[in-house]
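Chemist: Using only what follows, build the 3D model:
(chains A and B)
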Amino acid sequence: MKVFIDPPNSLVLFDLVERFGHEPLSTMAAIQERVDNIEVDMPPMNVTLDDVVKGLKYAGVEVPSGVRGRLALWGPLIEAADAAIVMDDCPYSFGCVGCERSNLMVKYLIKRRGIPTLHVSYPEDDAQAIAFVAKAKEFLEGLK
Amino acid sequence: MSEIRETRLFMISPRSRLTPDQLVRMVHAFGAEALVKETCYGCLVEGPRDLVLSIRDKVREEYRNEVFTKVRAYPCSDPRRCRAQHGTRPGFAQLEEEWALLSRIQRGLEAVEAGAEYAEAPAKKRIPVNEFKKICEVQR
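Modeler: Just a heads-up that it's a prediction; the model follows:
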């Protein structure tokens, strides 16, 4: 099954989804298609004009273009997903490398699709990590 | 996902005693015709998708819970990204953060393999007023 991961470029979630036998839907695959087929230029020109127009499907015109650009990549992935894993409160998904508005929109889009979704919090210690892995394993194995 | 080219990032957990050099030598020893690039956190492997996936499976057989992997969008040494060629890669902010997390995830995977199951964490309780007063008045 295709599992959307949030944060969409997370190494941990990508690895766990693959490990337990599913196909992770990530930003990397979406960008790779653009790198291999469209020949995008350097950032911040990583998305084409078409992408930003596509993003209008998921966010209004008054929304900052950065949010729309992100949603142009992630929106089609969410539409293609059969399930989703969301890691809440990741320190790296907020601030200079993340965008909280995009994160909220992603969570809304996942909820609107109504697919099975697992919400886990960012593990702060070993006990939480064990609970996180066990929960993710139970969820992913239950999808089969 | 493209069937032609896949670039994969292999990252070693900080709890592991494996070094990037050992990992790269092991991947070379598989004899596969893939491009392997040693990095500070592990290595990058590039080649046709099937080949890269077979390398991933072999690495995982050997170091099941110590090496983590994900796809990388840009090819190895891509001039748009590679810092050696003055690319614009802003840094490893997220990878660095996740690298620190990997030791906990490794412990989690080992515990789950040993039979640990998910248990709801006990809900945090509110401190009784008298106890809270004692904490507040400790300096008196």
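
Chemist: Which elements pack onto the helix or strand of chain A with the lowest mean pLDDT?
Modeler: When each helix and strand of chain A is scored by mean pLDDT, DSSP states H and E, helix A:49-55 comes last, with a mean of 80. Judged by 3 or more Cβ pairs under 8 Å, 6 or more residues apart in numbering or on different chains; DSSP states H and E, the packing partners of helix A:49-55 are helix A:65-80. For every residue, glycine as well, the C-beta is placed using N, CA and C.

Chemist: how about the helix it packs on: buried residues?
Modeler: Neighbour-count burial for helix A:65-80 flags A:67-75, A:77-78 (criterion: 16 or more other Cβ atoms under 10 Å in any protein chain shown).

Chemist: any chance of these in JSON lines, plus distance to A:S121 and pLDDT?
Modeler: As requested, the buried residues of helix A:65-80 are arranged in JSON lines below (distance: Cβ to Cβ, whole Å; pLDDT from 0 to 100):
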{"residue": "A:V67", "distance to A:S121": "24", "pLDDT": "85"}
{"residue": "A:R68", "distance to A:S121": "28", "pLDDT": "85"}
{"residue": "A:G69", "distance to A:S121": "27", "pLDDT": "83"}
{"residue": "A:R70", "distance to A:S121": "22", "pLDDT": "86"}
{"residue": "A:L71", "distance to A:S121": "24", "pLDDT": "88"}
{"residue": "A:A72", "distance to A:S121": "28", "pLDDT": "87"}
{"residue": "A:L73", "distance to A:S121": "25", "pLDDT": "87"}
{"residue": "A:W74", "distance to A:S121": "21", "pLDDT": "90"}
{"residue": "A:G75", "distance to A:S121": "25", "pLDDT": "91"}
{"residue": "A:L77", "distance to A:S121": "22", "pLDDT": "93"}
{"residue": "A:I78", "distance to A:S121": "21", "pLDDT": "94"}
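
Chemist: Which of those sits closest to chain B?
Modeler: Nearest to chain B out of the buried residues of helix A:65-80 is A:L73 (Cβ to the nearest Cβ; 10.5 Å).

Chemist: The residue nearest to the closest one when sequence neighbours are not counted: which element?
Modeler: Spatial nearest neighbour of A:L73, excluding adjacent residues (Cβ to Cβ, 6 or more residues apart in numbering or on different chains): A:A30 at 4.7 Å. Assignment of secondary structure by DSSP states H and E places A:A30 within helix A:27-33.

Chemist: Let me see the mean pLDDT of that helix.
Modeler: On average, the pLDDT along helix A:27-33 is 85.

Chemist: So what touches it?
Modeler: Applying Cβ atoms under 8 Å, 6 or more residues apart in numbering or on different chains, the set of residues contacting helix A:27-33 from outside is A:8-9, A:14, A:46, A:73-74, A:76-77, B:1-2, B:7, B:70-74.

Chemist: Just the closest of those to A:F139, please.
Modeler: Nearest to A:F139 among the contacts of helix A:27-33 is A:F14, at 15.2 Å by Cβ to Cβ.

Chemist: wait, is the closest one part of a helix?
Modeler: Yes. Using DSSP: H, G, I helix; E, B strand; the rest coil, the assignment for A:F14 is a helix.

Chemist: got the contact list for it?
Modeler: Contacts for A:F14 were tallied using Cβ under 8 Å, 6+ apart; they are A:5, A:24, A:26, A:28, B:69-71.

Chemist: One more pass at 10 Å, please.
Modeler: Applying Cβ atoms under 10 Å, 6 or more residues apart in numbering or on different chains to A:F14 gives the contacts A:3, A:5, A:7-8, A:24-29, B:9, B:68-71.

Chemist: my guess is A:D15 meets B:L102, correct?
Modeler: Yes. Between A:D15 and B:L102 there is a contact under Cβ atoms under 10 Å: 9.0 Å.

Chemist: what is in contact with those two at once?
Modeler: Any residue near both A:D15 and B:L102 by Cβ under 10 Å, 6+ apart counts here, and that gives B:11, B:67-68, B:109.

Chemist: how near is B:D78 to A:R101?
Modeler: 30 Å (Cβ to Cβ, to the nearest Å).

Chemist: B:A29 now?
Modeler: Applying Cβ to Cβ to B:A29 and A:R101 gives a distance of 47 Å.

Chemist: Settle it for me: which of those two has more neighbours?
Modeler: A:R101 (15 against 9; other Cβ atoms under 10 Å in any protein chain shown).
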